[in-house]
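Peer 1: Following is a predicted model, sequence given first.
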Amino acid sequence: MAGTRRDGTVRGSDLAEVLRDAGLYALVTLGLCIPIVSYRTDLSQTSALDLTPRWGLVAGLCAAIFCVRVAQRLILMRRDARRALTPSPRQATEAVDATPNAGQRIPSLALPLFLGAAVALPLVAALASGGLGPARYWIDLGILILTYVMLGWGLNIVVGLAGLLDLGYVAFYAVGAYTYALLATTFGLSFWLCLPLAGLAAGLWGILLGFPVLRLRGDYLAIVTLAFGEIIRLVLINWVDLTGGSAGISSIPRATFFGIPFTAGPNGFAATFGLSFDAMHRNVFLYYLILALALVTNGVTLRLRRLPIGRAWEALREDEIACRSLGINTTTTKLTAFALGAMFGGFAGSFFAVRQGFISPESFNFLESAIILAIVVLGGMGSQIGVAIAAVAMVGGPELLRNLGFLKAVFGEGFDPNEYRLLLFGLAMVAMMVWRPRGLISVRMPSVALKERRAVSGALVREGHG
Amino acid sequence: MSVAGINVLVEETRARQAAAAPLLAVEGVSAYYGSVAALRDVDIAVGEGEIVTLIGANGAGKSTLMMTIFGAPQARTGRIRFAGQDITRLPTHAIARLGIAQSPEGRRVFPRMSVQENLQMGASLHGGRHFAEDLERVCTLFPRLKERLQQRAGTMSGGEQQMLAIARALMSRPRLLLLDEPSLGLAPLVVKQIFGAIRDLNREAGMTIFLVEQNAYHALKLAHRGYVLVNGRVTLSGSGRALLDDPAVKAAYLEGGIVEASTIAEAKA
């Protein structure tokens, strides 16, 4: 780049240019601050407006913007200088070294560590907080995160592998939850019988949605699936006879340990296994249940990726016309993707119902779909571990904010970090899309290889393709 | 009898065979995009073991004919038969399963998948039964692909992607290979390589090939027979050599090609 030398150092004239640019930014900030920030208006005792000037704050904001812009320009300059030395892989005619860089690679230890942490979490939480009761917060948070990990993995089949943008995934979550709730409350069926039925019902709805949208792709598909999600929610609200309307379904039978209830009685779980009764046993059981369900989702997806159907999904994402001319039936390929993705959503839904004991249409609004989709996109489409990390960040991150009490000391007593949740969330998303536009883990492992399996860097993929 | 006479005889026999029991027969086909006619009453026959080329200008309907054979868009009138079976109303994937493979216009390889995965997709009709054997075969035809098996298809050069598109089509062991503008956007040297491979494929493996090309000079030199498509109608047909010598074809399609060939000769000298 013109602004920097080959070794990446910045010239004096460029520095002046950067400072001028940052000064301009600070000036715009000042302009914006004058009407918005510079005077605080309060109602005084006499009902007149009291104006409190806050010029110190304005100066602080302008200075902050100035510094951030200077830093950004300097970082970008260095990066561009570095890039100028390495040609774009897309223009290369010789074989390019497609090995992903350190930031994109997943250390081989990460997977066992991740899994180990997930398995050990209830134990560690109990030891750290002294007993199962106080560990409840952490175990519940773990359950919540794992639910989203499972939903993310389920949606990953549809969006990440088959490349079908689905904005209404929460509909299948709802179908699963209501299937379990209705079957359990009306016919008294057990969770283990309802679980496959809920998955089946959701899968069936997935196919039903799949048929009308077979011909659609991209934006149009997204709009129809969005509408589908809303239709399901509105039906749940308005079909009062069946679903109880917005009041929802309550007193759904709670989870049992394969038929043994988690109660204090002589037939309860604790008594059967000779333990002292603790209400937390159920939560720990639920934790391992969702962990197992999520791992099953992951296992099935990984297995399918190596089978012809999984490869057909990926090929479908890449190029539908080429797929068809190779003799692949795109209709069944799409429908299986929808059905399987929906099925795992249904499993997660029935788990949600058995955990909450109460469900209402409230829980299945568009924001849920958006969060699940964000998890898949942030994780790096098609990457299993990326989705898991994104779920931890997206669901666990906001929870973390609740515990940042020390910020009160900085910003004053009235500061509640939780109120800034969505703001931080949005900032994080923007930052992600600037720095890692292809998701956290953008590496793709070929599903077949001759000798050694070599990961391929996400940098070699155009944006918007997959 | 002179050599030229024998050649004429051979070509006539070929044409007769093609007319008697062609592998692919397009009979009176019209196709429309909405209400716009793209093909009008097109008749084309491709006999077993032939290379037949279809040449024409931009927008003449060449690629439409290719896609119509593959059922997208379907022919509104007329009939398309493959090996005696009517395929006019079959969906695309069912047509592919009968043994027609295609290297589509613009190559359309799967960019994020490795070369090997691309080839595996091509072989998916057989469920990978003779994958290793077929892989060996296409790698002999295009040695460049062998070096690139683990590379992402999207990162290869245009010529390599074209080789991959043809190789991917061959992996399904087709009876008929459709090639849509394999020379599109490629350097003359690469075009030569690819056309050489097509010739080998026909001579050594006896592959029947239907070639759609804008590069009329190369295509007619290679093909046994050719058709000229103008505004969705077949206006001329005949042996490749006859079309090359035809004054109308020369004027409309070959001036550029001959100039190109002569400049190459000059550059070499």
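Peer 2: Cool, got the structure.
Peer 1: What count of nearby residues applies to the residue in chain B that chain A sits nearest to?
Peer 2: Per Cβ to the nearest Cβ, residue B:96 is where chain B lies closest to chain A, at 3.4 Å. All C-beta spots, glycine's among them, are computed from the backbone N, C-alpha and C. Counted with other Cβ atoms under 10 Å in any protein chain shown, the neighbours of residue B:96 add up to 25.
Peer 1: which residues sit against the helix or strand hosting it?
Peer 2: Secondary structure from DSSP states H and E places residue B:96 in helix B:92-97. For helix B:92-97, contacts defined as Cβ atoms under 8 Å, 6 or more residues apart in numbering or on different chains pick out A:324-330, B:69-72, B:82, B:87, B:102, B:125, B:172.
Peer 1: Mind doing that once more with 6 Å?
Peer 2: For helix B:92-97, the surrounding residues in contact (Cβ atoms under 6 Å, 6 or more residues apart in numbering or on different chains) are A:324, A:325, A:327, A:328, A:329, B:70, B:71, B:72, B:87.
Peer 1: which of those lies closest to residue A:398?
Peer 2: For these, the closest approach to residue A:398 (Cβ to Cβ) belongs to residue A:328, at 41.5 Å.
Peer 1: Domain ranges for chain B, per the record?
Peer 2: B:3-99+B:175-268, B:108-163 (automatic domain parsing).
Peer 1: tell me, which of those is the model least confident about?
Peer 2: Of all the domains of chain B, mean pLDDT reaches its minimum on domain B:3-99+B:175-268 (a mean of 86).
Peer 1: Around chain A, pick out the residues from chain B.
Peer 2: Within reach of chain A by Cβ under 6 Å from any Cβ of the partner chain, chain B has these residues: B:70, B:92-93, B:96-97, B:102, B:104, B:108, B:110, B:112, B:114, B:116-117, B:120-122, B:124-125, B:150, B:152, B:155, B:157.
Peer 1: secondary structure class for residue 219?
Peer 2: All of this is about chain A. Here residue A:219 is recorded as helix under DSSP: H, G, I helix; E, B strand; the rest coil.
Peer 1: That was the other one, I meant chain B.
Peer 2: Per three-state DSSP, residue B:219 ends up helix.
Peer 1: now the helices: where do they sit in the stretch 151-269 of chain B?
Peer 2: Under the criterion DSSP state H, counting those that start in this stretch, the stretch 151-269 of chain B contains helices at B:158-170, B:188-205, B:216-222, B:240-245, B:247-249, B:255-268.
Peer 1: Would you tell me which of those gets closest to residue B:55?
Peer 2: That would be, of the helices of the stretch 151-269 of chain B and by Cβ to Cβ, helix B:216-222, which comes in at 4.4 Å.
Peer 1: Packing partners of that closest one?
Peer 2: In terms of contacts (3 or more Cβ pairs under 6 Å, 6 or more residues apart in numbering or on different chains; DSSP states H and E), helix B:216-222 is packed against strand B:51-56, helix B:188-205, helix B:240-245.
Peer 1: is it possible to export these to CSV including mean neighbour count?
Peer 2: Shown next, in CSV, are the helices and strands packed on helix B:216-222 (neighbours: other Cβ atoms under 10 Å in any protein chain shown):
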stretch, mean neighbour count
strand B:51-56, 26
helix B:188-205, 16
helix B:240-245, 19
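Peer 1: Of all these, which one is nearest residue A:135?
Peer 2: Of those, nearest to residue A:135 by Cβ to Cβ is helix B:188-205, at 65.8 Å.
Peer 1: packing partners for that closest one?
Peer 2: Going by 3+ Cβ pairs under 6 Å, 6+ apart, helix B:188-205 lies up against helix B:216-222.
Peer 1: Run through who's touching the helix it packs on.
Peer 2: Counting by Cβ under 6 Å, 6+ apart, residues outside helix B:216-222 touching it are B:53, B:55, B:195, B:199, B:211, B:213, B:226, B:240, B:243-244, B:253-254, B:257.
Peer 1: Stretch A:267-282 now?
Peer 2: So stretch A:267-282 is in contact with A:132, A:257, A:260, A:261, A:262, A:264, going by Cβ under 6 Å, 6+ apart.
Peer 1: quick one: which of those is nearest to chain B?
Peer 2: residue A:257 (43.1 Å).
Peer 1: and the closest one, how many neighbours does it have?
Peer 2: That count, for residue A:257 with other Cβ under 10 Å as the rule, works out to 15.
Peer 1: show me the contacts for it.
Peer 2: Contact partners of residue A:257, counting by Cβ under 6 Å, 6+ apart, are A:269, A:285.
Peer 1: The stretch 201-350 of chain A: helices as residue ranges?
Peer 2: A:218-238, A:240-243, A:269-272, A:280-306, A:308-318, A:320-325, A:330-356.
Peer 1: winner for burial among these?
Peer 2: Of these, the one with the most neighbours on average (mean count of other Cβ atoms under 10 Å in any protein chain shown) is helix A:330-356, at a mean of 25.
Peer 1: Just the angle for it relative to helix A:280-306, thanks.
Peer 2: If you take axes from the mean of the first three to the mean of the last three Cα atoms, to 10 degrees, helix A:330-356 sits at 170 degrees to helix A:280-306.
Peer 1: Check which helices and strands helix A:330-356 sits against.
Peer 2: helix A:136-156, helix A:170-182, helix A:191-210, helix A:280-306, helix A:308-318, helix A:320-325.
Peer 1: Could you check how far stretch A:233-251 is from the centre of its chain?
Peer 2: The chain centroid and the centroid of stretch A:233-251 are separated by 27 Å under Cα atoms, centre = their mean, to the nearest Å.
Peer 1: What is the end-to-end distance of it?
Peer 2: 21 Å (Cα to Cα, to the nearest Å).
Peer 1: List of residues touching that stretch?
Peer 2: So stretch A:233-251 is contacted by A:181, A:358, A:359, A:360, A:361, A:364 (Cβ under 6 Å, 6+ apart).
Peer 1: State the phi and psi torsions of the spatially closest residue to the fourth one that is not a sequence neighbour.
Peer 2: This points to residue A:360. Counting by Cβ to Cβ, 6 or more residues apart in numbering or on different chains, residue A:360 lies nearest to residue A:248, which is 2.7 Å off, once chain neighbours are set aside. For residue A:248, the backbone dihedrals are phi 80, psi -170 (criterion: degrees, to the nearest 10).
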